[in-house]
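Chemist: my questions concern the predicted model and sequence given below.
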Amino acid sequence: MGLRRFGRLVKWVGGNGRRPFSTSSSSSCDEMMVQQIASGKSLNLYSAINQALHIALETDPRAYVFGEDVSFGGVFRCTTGLADRFGKQRVFNTPLCEQGIVGFGIGLAAMGNRAVAEIQFADYIFPAFDQIVNEAAKFRYRSGNQFNCGGLTIRSPYGAVGHGGHYHSQSPEAFFCHAPGIKVVIPRSPRQAKGLLLSCIRDPNPVVFFEPKWLYRLSVEEVPEHDYMLPLSEAEEFILENWNCGTQIIREGNDITLVGWGAQLSIMEHACKDAEKEGISCELIDLQTLLPWDKDTVEASVRKTGRLLISHEAPVTGGFGAEISASIVERCFLRLEAPVARVCGLDTPFPLVFEPFYMPNKNKILDAIKSTVNY
Amino acid sequence: MALSRLASSSSSGSNLLKPLTSALSFTPSLRRPISSAADDSTTLTIETSVPFTSHRCDVPSRTVETTPNELMTFFRDMALMRRMEIAADSLYKAKLIRGFCHLYDGQEAVAIGMEAAITKKDCIITAYRDHCTFLGRGGTLLQIFSELMGRQGGCSKGKGGSMHFYKKDAGFYGGHGIVGAQVPLGCGLAFGQKYSKDETVTFALYGDGAANQGQLFEALNISALWDLPAILVCENNHYGMGTAEWRAAKSPSYYKRGDYVPGLKVDGMDVFAVKQACKFAKEHALKNGPIILEMDTYRYHGHSMSDPGSTYRTRDEISGVRQERDPIERIRKLIFAHDLATEKELKDIEKELRKEVDEAIAKAKESPMPEPSELFTNIYVKGCGAESFGADRKEVRTVLP
């Protein structure tokens, strides 16, 4: 029974389904998730996050999880079961008050606790922007290292979801990459999400952790059951064929380097596969940590391929791709054989009905790969 | 513990959601003696369901005058809203509406009662649960369903979707996506009205969830400091998304939370109470500055379409409110009590409304999707900002006038 249900889940997720996350029936999902955790094999992204939060609370009695509606599982089910297991003192709902959520997180962390705060959607993070940029990021610096809020991790779902519209789809990562003192981390898959989230929670600096909401149910792979951490600020190159196995073997493409993060990686992967059919060998790098980012890995790759393409969902102007582009041009100017290509969201507000036009989709990336290689 | 806290935090005790045992307390002597067809000039005197509770201000009278015509209009308008929201629910489930969709059914009396007390020169601004407020301001079903389905015929030309309805000619400033963010903006509108001296006010609507946002208090302080004609309307449906009010608010007496700002608690399920309160508030705001109206209401649907609405409250609670406090049923009973229409006549009206809604949906489906070039318009003033060029629109040029 358990297995059958599990099998159905895998099939359902692996199908053509870009399934809207919004129509879940919570109870059946919870059941499925429990099954998955018991079996300890394939997990989707939200279950991997859930597992990481369980481990974080289990291993540190001074860890806390809070945010809007988290005690009954959160809108994306990431916090399911936590309140039952660890009690209302450690896993609790807050009022709808983002500024307060982050502010209290900073205070809690400043007292030596690990505060895992959830902002329900990255689009809602802006009321807390001041607390993050002015309070969290600069606390250590301005107090001459007397105080810090290193125990603070802010989790928030970001990015497009197919039909989210203006206020449930934005990718605000670049705003936070402009604030030295915090780290910005975005995982691409369940395995990365679990390891990176645990690293973020235990990192002695405040971290903003954006989760690709499109992949919460869609992305499924084998996730080790045990407590593990993945290093921050280390980009990762990986084999396309092993996308879902989490195998971390570096494969060297020769013609062009592609850099991305989060949900965009899977789009880029498809573009790379198509390019490969046309004889273009791509190297794909998942940046994982945007601030501070792993320049060396990207530089080494670009030195080899001579070409760079960056892709993200956020609007192209002022996006984090601009920073990568500028840094790589500084370091590899004479080695570059073509201008750095950026395939990003358009310079418009995130649209509702025009989402398909706005998104940096596979074909746009494939075109840019070809024109960069044939420059 | 939860229960005891609920009891102690609510002045009316644990009957929080059922304060209206004496639902219909019109005086029998005022019953129309003759069951003839409604005469428009007749004045009916009725009493609001419960007395108003005030904070630092007078209490408006419970006795309200109305006409048979108004009663029938209220019934028709609220029933239309109810039908519209139920149709939106099925359209969303059929994936014809994308984006996020928040339904208003249960809260109709607030939109209708408020509209009955004010003019279109007064401004209304609300959050994302905006379909019915837009309809109340004179929007059409066709505009609504077109916008919901992202068509050109929509009130925001299909570019806004469910959460972003606007109607400039009727002073409806929309349709805002971020919880609580519309309130400072609404106070800004009132600031403008203070200068224009045209005796108009702004109604800034927000929910009990948004009532805990800091920016609300910041805006309230400035409004009170400068005596702005701002009326903050807290549509208290008792759940901020999935969290009950008492879990999120130390004091769920939202009408008192302005401290130095007067407030009034109103039964938001009684359209006459809402109308009376809004009339009172407008007069007050023009004379004395801001006032808070707490509308005690209830949403039958979940917070949004992704919320089944049953994980954090019981089905009994929902059906209890439907049976005892439903704003449409209240009017239906009043109509019967005054012999203004028969049960069949009201059923016929509802059938008619259903047809009206279905026709609007069919028409909206014929409205074309916006031109793809619309993706790039309205970001800046045309010819004075940045515009995208090129086949892939990647080239951005700054344009100056």
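Modeler: Yep, it's here.

Chemist: now the helix or strand in which B:I46 is found: how far from the chain's centre is it?
Modeler: Here B:I46, judged by DSSP states H and E, is contained in strand B:44-47. Distance of strand B:44-47 from the chain centroid (Cα atoms, centre = their mean, to the nearest Å) equals 24 Å.

Chemist: and it, what's its mean pLDDT?
Modeler: The pLDDT scores in strand B:44-47 average 95.

Chemist: what does stretch B:352-363 give?
Modeler: On average, stretch B:352-363 scores 98.

Chemist: each with direction, which strands does the helix or strand that the strand holding B:I46 is followed by pair with?
Modeler: Using DSSP H and E, the helix or strand that follows strand B:44-47 in sequence is strand B:53-55. Strands that pair with strand B:53-55, judged by DSSP bridges, come out as strand B:263-267 (antiparallel).

Chemist: the partner strand: how far from the chain's middle?
Modeler: 15 Å.

Chemist: still on that earlier bit, what helices or strands is the strand holding B:I46 leaning on?
Modeler: Contact here means 3 or more Cβ pairs under 8 Å, 6 or more residues apart in numbering or on different chains; DSSP states H and E; on that basis strand B:44-47 packs against strand B:63-66. Placement of C-beta: from N, CA and C, glycine included.

Chemist: what does the stretch 51-200 of chain B put close to chain A?
Modeler: Residues of the stretch 51-200 of chain B found near chain A (Cβ under 8 Å from any Cβ of the partner chain) are B:98-100, B:150, B:158-164, B:177-181.

Chemist: do that again at 7 Å, thanks
Modeler: Contact residues, the stretch 51-200 of chain B versus chain A (Cβ under 7 Å from any Cβ of the partner chain): B:R98, B:G99, B:F100, B:G150, B:G158, B:K159, B:G161, B:M163, B:G177, B:I178, B:V179.

Chemist: which residue ranges form the strands in chain B?
Modeler: Listed in chain order, the strands of chain B (DSSP state E) span B:44-47, B:53-55, B:63-66, B:123-126, B:172-175, B:202-207, B:230-236, B:239-240, B:243-244, B:263-267, B:291-296, B:385-389, B:395-399.

Chemist: distance to B:E115 and mean neighbour count added to those strands, as JSON lines?
Modeler: Below are those laid out as JSON lines (distance: least, Cβ to Cβ, whole Å; neighbours: other Cβ atoms under 10 Å in any protein chain shown):
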{"stretch": "strand B:44-47", "distance to B:E115": "19", "mean neighbour count": "18"}
{"stretch": "strand B:53-55", "distance to B:E115": "23", "mean neighbour count": "18"}
{"stretch": "strand B:63-66", "distance to B:E115": "14", "mean neighbour count": "16"}
{"stretch": "strand B:123-126", "distance to B:E115": "8", "mean neighbour count": "27"}
{"stretch": "strand B:172-175", "distance to B:E115": "10", "mean neighbour count": "23"}
{"stretch": "strand B:202-207", "distance to B:E115": "10", "mean neighbour count": "27"}
{"stretch": "strand B:230-236", "distance to B:E115": "12", "mean neighbour count": "29"}
{"stretch": "strand B:239-240", "distance to B:E115": "24", "mean neighbour count": "24"}
{"stretch": "strand B:243-244", "distance to B:E115": "29", "mean neighbour count": "21"}
{"stretch": "strand B:263-267", "distance to B:E115": "15", "mean neighbour count": "28"}
{"stretch": "strand B:291-296", "distance to B:E115": "13", "mean neighbour count": "28"}
{"stretch": "strand B:385-389", "distance to B:E115": "36", "mean neighbour count": "14"}
{"stretch": "strand B:395-399", "distance to B:E115": "41", "mean neighbour count": "12"}
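
Chemist: mind putting those strands in CSV, distance to A:G150 included?
Modeler: Output for the strands of chain B, formatted as CSV (distance: least, Cβ to Cβ, whole Å):
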stretch, distance to A:G150
strand B:44-47, 61
strand B:53-55, 44
strand B:63-66, 60
strand B:123-126, 41
strand B:172-175, 41
strand B:202-207, 35
strand B:230-236, 39
strand B:239-240, 31
strand B:243-244, 29
strand B:263-267, 43
strand B:291-296, 41
strand B:385-389, 39
strand B:395-399, 39
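
Chemist: those strands: lowest mean pLDDT?
Modeler: Here the lowest mean pLDDT among the strands of chain B goes to strand B:395-399, at a mean of 68.

Chemist: residue ranges with poor pLDDT in chain A?
Modeler: Residue ranges of chain A with pLDDT under 70: A:1-40, A:237-252.

Chemist: quick test: name the residue nearest the centre of it.
Modeler: Closest residue to the average C-alpha location of chain A: A:I186 at 2.5 Å, with Cα atoms, centre = their mean.

Chemist: what helix or strand is the residue nearest to it when sequence neighbours are not counted located in?
Modeler: Counting by Cβ to Cβ, 6 or more residues apart in numbering or on different chains, A:I186 lies nearest to A:G262, which is 4.1 Å off, once chain neighbours are set aside. Taking DSSP H and E as the definition, A:G262 sits outside all helices and strands.

Chemist: now do A:G262: how many residues are near it, please.
Modeler: 29 (other Cβ atoms under 10 Å in any protein chain shown).

Chemist: and the gap between it and A:N363?
Modeler: A:G262 sits 20 Å away from A:N363, going by Cβ to Cβ, to the nearest Å.

Chemist: next: B:G263.
Modeler: Distance, B:G263 to A:N363, by Cβ to Cβ: 57 Å.

Chemist: likewise A:I201?
Modeler: Taking Cβ to Cβ as the measure, A:I201 falls 38 Å from A:N363.

Chemist: what of A:K194?
Modeler: From A:K194 to A:N363 the distance is 32 Å (Cβ to Cβ).

Chemist: give me the more crowded residue out of the two.
Modeler: Under the neighbour definition other Cβ under 10 Å, A:K194 and A:N363 were set side by side, and A:K194 has more, 28 against 13.
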